[in-house]
Structures are given as structure tokens and as C-alpha cells.
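1. Sequence first, then the predicted structure, then my questions.
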Amino acid sequence: MRPIEVAAVYPHSPALVWAALSSIEDHVTWMKDAERITFTSDSRRGVGTAFDCATRVGPLRTLDRMLVTEWEEGTAIAVTHRGLVTGAGRFTLTPVGGGTRLAWREELSLPWWLGGALGGLVARPVLTALWRGNLRRFGESLDD
């Protein structure tokens with residue numbers, strides 16, 4: 001599947017956005033597709049942090065095994081997906097005039113039984129809309 005990137009700009013400091021984003025256990029509060037996160041490593045922050053994310057997109061459910069591969073304090077978090085859906089994802093923060101831009105990029109591969117590359121073409125607009133909604137909910141959580 002071609003990479004999917006969504007982004008949003010928030011009227012908050014990079015420090016505030018990072019504080020919320022780097023709390024991986026709280027991602028389930030704003031990611032509609034993430035139902036539960038269970039850490040499988042002792043760490044909850046930084047490179048090497050591993051966790052399972054029970055994921056649901058419509059009627060499809062999977063356990064997404066993830067490993068943090070990059071952690072640039074205040075700037076970026078990257079993960080690899082090692083479950084049935086494989087690939088890599090990355091969040092990046094960039095200061096912009098009085099606020100912060102959060103970009104989210106995912107490059108995923110679907111298993112053959114979900115249609116492989118063809119399934120990716122069908123999934124692309126669904127995932128793009130889902131992740132845009134996730135960033136909207138993330139922004140709303142910053143205002144609470």
C-alpha cells in the first residue's frame with residue numbers, strides 16, 4: 001500500500017502536544033481504531049518499547065504488535081507493525097506560527113486474505129478518513 005499521511009495543526013506548544021502524544025497508553029482515548037494497548041516490554045517510553053494494540057476497523061479486528069524504533073524527544077516517534085498487518089508508522093511534530101503541526105505517516109502491508117495490495121487500495125480512503133478523525137479527537141483532547 002502506498003504511504004498514507006495525515007496532518008493537523010494545533011494552537012498549542014510542541015511541549016504540550018508532545019506530552020500527550022508520548023503517552024502511548026492514552027492513544028486509545030483518541031484513536032477510534034485502537035481498543036486496548038498492552039505493554040509487552042518493561043518500558044513505556046523510548047526506543048525498544050513494545051506493545052500489543054487490539055485494533056478494530058469496522059468488522060475487522062486484529063492484534064497489532066508494535067515496537068518503537070525511533071524516539072526523538074519532543075519531535076518524533078516511529079514504530080514497526082509486526083502483526084498480521086506489517087509496516088511502519090511515524091509521528092512528527094513541527095513548530096508552526098504559534099502552534100504545532102502533527103504529521104502521521106503509515107506504510108502498511110495487508111495479508112493476502114485481506115486482499116494484499118488490492119485490499120490496500122480499498123483500505124486507503126477508509127484509513128485516511130479514520131486517521132484524520134483520530135487527529136481531530138487528539139486535538140479535542142488537548143483542549144480538555
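-> Here it is on my side, so go on.

2. Confidence-wise, which helix or strand of the chain is lowest on average?
-> Lowest by mean pLDDT, DSSP states H and E among the helices and strands of the chain is helix 116-143, with a mean of 90.

3. what helices or strands is that one leaning on?
-> strand 4-10, helix 14-21, strand 50-57, strand 99-109 (3 or more C-beta pairs under 8 Å, 6 or more residues apart in numbering; DSSP states H and E). The C-beta positions use only the backbone N, C-alpha and C, and glycine is treated the same way.

4. Just the buried positions in that helix, please.
-> 119-120, 123, 127, 130-131, 134-135, 138-139, 142 (16 or more other C-beta atoms under 10 Å).

5. Contact partners for Pro111?
-> Neighbour list for Pro111: 84-85 [criterion: C-beta atoms under 8 Å, 6 or more residues apart in numbering].

6. Can you give me the pLDDT of it?
-> You'll see Pro111 listed with a pLDDT of 77.

7. Tell me the buried residues in the top strand by length along the chain?
-> Determined from DSSP state E, the single longest strand within the chain is strand 60-72. When burial is assessed from 16+ other C-beta under 10 Å, strand 60-72 yields the following buried residues: 62, 64-68, 70-71.
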